[in-house]
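Just a sequence and a predicted model for now, questions to come.
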Amino acid sequence: MADSTIFRTRTLGTPAEGVRDQYADGKAAKVWEIFIGDKTSRTQNYKNFLVGLLKKNGCKRILDVACGTGVDSVLLLEEGFEVVSVDASDKMLKYALKTRWNKRKEAAFDNWIIEEANWLTLYEDIEQLIGDGFDAVICLGNSFAHMMDSYGDQREQKQAIRNFEKCAKPGGLLLIDHRNYDHIINTGYTPSKCIYYNSKHMTDIKTSVLYVSGKPSMVTMDYLIDCTDYLGKEEREERIQTEDCISEFRLSYYPHRLESFRDMLRKAFGDEANYQVYGDFKELNEIENPSFYIHVVEKPRMMR
């Protein structure tokens, strides 16, 4: 039995090497579909933003480097994009693979490539799939923040972003986001409603900020989800009687500051690249304290 006095930064079973798979014990992966809500009920402004931006820039071939259960990849496949999907978590990927199998008679899904890959070795892991480069690389849903700063100088995070840059063709895009950690650090609060998903089952997110040498180095979120609608009749009645209706899982994140994240992108793509930052899919001057920042970087067309 786990000692309740120990503050665990990740769920049990998470490996300690490379890009940490916080879904390794399967606990979060099992309820992920409940967490994000019905795939068909994505917030419309998110779908319009993502699809509209990609089509506006003539993007056709997309690399989803944090596909998880395949939610964003499925959305893009249904919109006619060609998608290669990778993730470091085999527990999450099995749900994407199951979706591909169930839709295998549809041409778009039959040609859907799904691979396990590590951001630190991404280019080498999928080099045979890159070709001339992807029109866009996407890393959405606060996924990049799962990578911690193990050495205190963000070297692994910088390496991952350099790999994203290498996978994009000249003139290609990187779409990458993170929560508004500046606001979370200042308030200690994380909104339970997410701009990406319409899940009605999320009840709360308990947020903790860990400081090391006076600097915020990790944000831990305990997600509380009401799963009773997805249980069988007997199990549902039993949980209601015991008041055990809430499933909980913990994920930990590196708290990226907006300005430092911009600087990291600039160092990877160069000053000649085009940069744009949105807050909850709006221009920054249109919103105060957004829940998410979405960075869009266009790789220079002339190779350095």
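Nice, thanks for sending it over.

Extract the CA atoms of stretch 166-180 and return them as PDB.
Extracted C-alpha coordinates of stretch 166-180, given in PDB (Å, rounded to 0.1, in the frame of the first residue of the first chain):
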ATOM      1  CA  LYS A 166      13.600  19.400 -38.200                       C
ATOM      2  CA  CYS A 167      10.400  17.500 -39.000                       C
ATOM      3  CA  ALA A 168       8.700  20.600 -40.500                       C
ATOM      4  CA  LYS A 169       9.500  21.400 -44.100                       C
ATOM      5  CA  PRO A 170      10.700  24.900 -45.100                       C
ATOM      6  CA  GLY A 171       7.600  27.100 -44.800                       C
ATOM      7  CA  GLY A 172       5.900  24.500 -42.600                       C
ATOM      8  CA  LEU A 173       4.200  25.300 -39.300                       C
ATOM      9  CA  LEU A 174       4.700  24.300 -35.700                       C
ATOM     10  CA  LEU A 175       1.500  24.600 -33.500                       C
ATOM     11  CA  ILE A 176       2.300  24.100 -29.900                       C
ATOM     12  CA  ASP A 177       0.500  25.200 -26.700                       C
ATOM     13  CA  HIS A 178       0.700  25.300 -23.000                       C
ATOM     14  CA  ARG A 179      -1.600  26.400 -20.200                       C
ATOM     15  CA  ASN A 180      -1.300  29.900 -18.800                       C
END
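
Pull the number of nearby residues for Asp90.
Other residues near Asp90 number 14, with proximity taken as other C-beta atoms under 10 Å. Glycine gets a C-beta too; all of them are placed from N, C-alpha and C.

how far away is the closest residue to it other than its chain neighbours from Leu97?
Closest residue in space to Asp90, ignoring its immediate chain neighbours: Glu116 at 5.8 Å, by C-beta to C-beta, 6 or more residues apart in numbering. For Glu116, the distance to Leu97 equals 10 Å [C-beta to C-beta, to the nearest Å].

Quick one: list the elements packing against whichever strand or helix holds Gly172.
Gly172 belongs to strand 168-179 when assigned by DSSP states H and E. Judged by 3 or more C-beta pairs under 8 Å, 6 or more residues apart in numbering; DSSP states H and E, strand 168-179 is in contact with helix 44-56, strand 134-139, helix 155-167, helix 258-269, strand 292-298.

got a list of contacts for the first one?
Outside helix 44-56, the residues within contact range by C-beta atoms under 8 Å, 6 or more residues apart in numbering are 62, 72, 75-76, 79, 81, 135-136, 138, 140, 173, 175, 195-196, 278, 281, 294, 296.

In ChimeraX, select just the buried ones from the residues you listed.
ChimeraX command restricting the contacts of helix 44-56 to the buried ones, with burial defined by 16 or more other C-beta atoms under 10 Å:
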select :62,72,75,76,81,135,136,138,140,173,175,195,196,278,281,294,296
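
all strands of this structure, in order?
Counting by DSSP state E, the chain has strands at residues 61-64, 82-87, 113-116, 134-139, 168-179, 202-212, 215-226, 246-253, 274-279, 282-283, 292-298.

Now do the contacts for the residue nearest to the spatial centre of the chain.
In the chain, the centroid-proximal residue (C-alpha atoms, centre = their mean) is Ser143; its distance is 2.6 Å. Ser143 makes contacts with Val65, Ala66, Gly68, as judged by C-beta under 8 Å, 6+ apart.

For Val84, see how far away Phe269 is.
21 Å.

related to what we said a few turns ago, I'd like the contacts of Ser143 as JSON lines, with neighbour count and distance to Lys105 appended.
Formatted as JSON lines, the contacts of Ser143 follow (neighbours: other C-beta atoms under 10 Å; distance: C-beta to C-beta, whole Å):
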{"residue": "Val65", "neighbour count": "26", "distance to Lys105": "27"}
{"residue": "Ala66", "neighbour count": "21", "distance to Lys105": "27"}
{"residue": "Gly68", "neighbour count": "24", "distance to Lys105": "24"}
